[in-house]
Structure formats: structure tokens, C-alpha cells
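Colleague: Fold the stuff below for me.
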Amino acid sequence: MILVTGANGFVGSRLCQRLAGLGESVRQAVRAVEFTGDDAEDIAPVGDIGPNTDWSGALHAVDQVVHLAAHVHRMAASDKEDAHRYHQVNTLGTERLAQEAAKAGVKRFVYLSSIKVLGEHTGAARDETFDRFAEADVCRPLDPYGISKAEAEKRLWAIASATGMEVVIIRPPLVYGPGVKANFARLLGLVNRGLPLPLASVRNARSLVFLDNLVDFINCCLYHPAAAGQTFLVSDGEDLPTPDLIRKIAGAMGRSARLWPCPVSLLRLVGSLLWRSAEVDRLCGSLRVDSGKAREVLGWRPPYTVDQGIKETVRWYARQHDGPDC
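Modeller: Predicted coordinates for the structure are as follows:
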């Protein structure tokens, strides 16, 4: 039996579908749910995740855990109250689940962390990346979300050392695919509306990971013997400048990308004046990850290309917006 936390979320729902399709027994841990029907035993409401969550029912007869649930990153989050919430859910909640999982005899615990534990960006040079051997990079999280994830990783390794439970940590960059929200969804909307975007002069490089590639990798980490005790970076394997990403989205929508040049320094200045510096950084800055360790240690290859991932995401977007225009 596999327990998936955050099972009704963006990644969790897709992962549960994939595992069920492979014939796996999956228990879906969610905060709260109203349900009827024969599949009720597969759903485990656990309430709010934190240092006192009762996981006993959810962990009964479970061999593997995939921990996806988290207090998610919000660019506006900076106050002490929200930082406390990150710590309670992402750090102490993860620690509590791992402790209870080890007591329950869980063999392997797969944790979805974040590339943000390493920092917000890499250098502008094309050969500067977060290293494929992730342990070689020093954690430098810059916001409460990244800090809470980095601290959770430390506590997981301590529990693994003390109990022998196998831990696998995955640090993805931005995940996109059907159901995506936040910045990527806003970018889809801007391109679909044909708005001119002042990003033609951006010369960055960013790594992304398509939802189904991430799900495939999580599944690999559940079973591969060599995954135990490892930290992995994962991506689609193709790093894109923001203008190229926009062109790919526009092409999948059957549109022409409307890009015009504007100095990046001016974009950053405007972003600062509008309190949108973080958003501008994500559009103009570089963040590249080398997922070669996944290939070398696990023999994993992303089953979908960036073009395939973007086309699938655009098809979903068109269905949501009843858009023959897409």
C-alpha cells in the first residue's frame, strides 16, 4: 500500500491516477473530504498537517509514503505569521509524518522538496547550474517556504539515520501541466489574449519539469533500489529562455508570439516600483538544474519532451476556457 499526501492537489491527483493505472493500492491522504461509495477506504482525511497530526489510520498497512502536501509558496508571503505556518506544516508536519511512518514500519519515504532550498537563481552563463549531484550544492533558501523545505530535509535524514527507513528527496523546479496555477497559468492567459510582452531582450535560461515527467520520476523513486538515501534534481532536460518558452506556448495555441524588446534593467526597475520584483526575477533570471544524477544513478529519462508537455498543457487550458482560439 502506498500513502500519498496532498492526493487531491496538482501533483498528487495525477500521481494517484498513474499509480492506480499501474495496479497499485493507493491510500489518498487529504485534509478533509466528504465522500460516499465503495472507494471510501482509499481516502484518509487527516485534518491540518502539523506537529500533532494523527497519522495512525492513514499509515495502517502502508509500505511506502509519497509526501506531497505542503503549505505552498506564495510570492506575497513574508510576514511572521505566514513564516510560522510554513514551519508548522512543511517542517514540523513532515517530521511528524516521517516519525510516525518509521514507527509503522514504512520502508520508503519519498519527499517532494523544492529547488528553492538551493536558492532562487543560477548565474547567467549557460554552464552555471545547480549540480546534478545535489549534495554538492549548499542550501541557500531565501524565503520562509524554501527555509521550511530545507529544514524538513535535514530532519528527514536524521530520522532515516535513526530508524533505517529509506528516504528519497526530490527537488523539482517549476512544475507545469494540466491544472497548473500561479505564474505559468497567468503566462498562458497573457499569450492567449495576444498581449504584447516586453521580453524579447531577455537572455536567461530556466529549467522546468512537465507534470507527467515528475510523476514518472516519483514512481521510479518509489521502487528503484538505488534511489534510497539519495537527493535528486529533476527537469525536462531542456533549459529555455523566457522568450522561447513564450514562442512554444504561442505555437501550441496556433498564435504568433508578440514580443518586443525592452532593457532588462528597465523591467527590473519597473518591477521594483510595482512591488513585483520576484515576478520579474522569474521572467528574467536564470535557474538551471542538472538532472544528470537521475540518469546516471537510476537510468531515468523524461518520457515527454518540453514541446509535448506544453502542447498537453495548452490543450487543457483551451478546454478550461472553451477556447477554439487555443
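
Colleague: where along this protein do the helices fall?
Modeller: Secondary structure of the chain (DSSP state H): helices located at 10-21, 80-86, 94-103, 144-163, 182-192, 211-223, 242-252, 264-273, 277-284, 292-298, 306-320.

Colleague: and of the ones you listed, who's closest to residue 200?
Modeller: helix 242-252 (5.7 Å; Cβ to Cβ). Just so you know, the C-beta spots here come from the backbone N, C-alpha and C atoms, and that holds for glycine as well.

Colleague: just to revisit the earlier point, which one of the helices of the chain lies nearest to residue 116?
Modeller: Closest among the helices of the chain, once you apply Cβ to Cβ, is helix 144-163, at 3.7 Å.

Colleague: where does the chain have its least confident helix or strand?
Modeller: helix 80-86 (a mean of 77; mean pLDDT, DSSP states H and E).

Colleague: elements contacting that helix?
Modeller: Secondary-structure packing of helix 80-86 (3 or more Cβ pairs under 8 Å, 6 or more residues apart in numbering; DSSP states H and E): helix 144-163.

Colleague: buried stuff in the helix it packs on?
Modeller: 144-153, 155-156, 159-160, 163 (16 or more other Cβ atoms under 10 Å).

Colleague: how far out from the middle of the chain is stretch 155-168?
Modeller: 22 Å (Cα atoms, centre = their mean, to the nearest Å).

Colleague: What mean pLDDT does it get?
Modeller: Taken as a whole, stretch 155-168 has an average pLDDT of 96.

Colleague: Now do that stretch: everything it contacts.
Modeller: 91, 94-95, 98-99, 101-102, 106-111, 169, 221, 227-232 (Cβ atoms under 8 Å, 6 or more residues apart in numbering).

Colleague: repeat that for 7 Å
Modeller: 91, 94-95, 98-99, 101-102, 106-111, 169, 221, 227-230 (Cβ atoms under 7 Å, 6 or more residues apart in numbering).

Colleague: And stretch 140-148, by the same measure?
Modeller: Residues beyond stretch 140-148 that count as contacts (Cβ under 7 Å, 6+ apart) turn out to be 73, 77, 82-83, 86-87, 90-91, 114, 116-120, 150.

Colleague: could I have stretch 48-62 exported to PDB, CA atoms only?
Modeller: C-alpha atoms of stretch 48-62 as PDB (Å, rounded to 0.1, in the frame of the first residue of the first chain):
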ATOM      1  CA  ASP A  48      -4.400  20.000   9.200                       C
ATOM      2  CA  ILE A  49      -0.900  18.900   8.800                       C
ATOM      3  CA  GLY A  50       1.500  19.900  11.600                       C
ATOM      4  CA  PRO A  51       3.400  18.600  14.600                       C
ATOM      5  CA  ASN A  52       0.300  16.900  16.200                       C
ATOM      6  CA  THR A  53      -1.400  15.300  13.200                       C
ATOM      7  CA  ASP A  54      -2.700  11.800  13.800                       C
ATOM      8  CA  TRP A  55      -1.400   9.600  11.000                       C
ATOM      9  CA  SER A  56      -2.200   6.200  12.600                       C
ATOM     10  CA  GLY A  57      -5.200   5.400  10.400                       C
ATOM     11  CA  ALA A  58      -3.600   6.700   7.300                       C
ATOM     12  CA  LEU A  59      -0.400   4.700   7.800                       C
ATOM     13  CA  HIS A  60      -2.100   1.400   8.600                       C
ATOM     14  CA  ALA A  61      -0.600  -1.400   6.400                       C
ATOM     15  CA  VAL A  62       1.400   1.200   4.300                       C
END
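
Colleague: What residues of that stretch count as buried?
Modeller: Of the residues in stretch 48-62, those buried (16+ other Cβ under 10 Å) are 49, 50, 53, 55, 58, 59, 62.

Colleague: With stretch 11-28 instead?
Modeller: Across stretch 11-28, burial judged by 16+ other Cβ under 10 Å covers 11, 12, 13, 14, 15, 16, 18, 19, 26, 27, 28.

Colleague: Stretch 98-116 now?
Modeller: Buried residues in stretch 98-116, counted by 16+ other Cβ under 10 Å: 98-102, 104, 106, 108-116.

Colleague: With respect to residue 267, which of these is nearest?
Modeller: Nearest to residue 267 out of the buried residues of stretch 98-116 is residue 116 (Cβ to Cβ; 22.0 Å).
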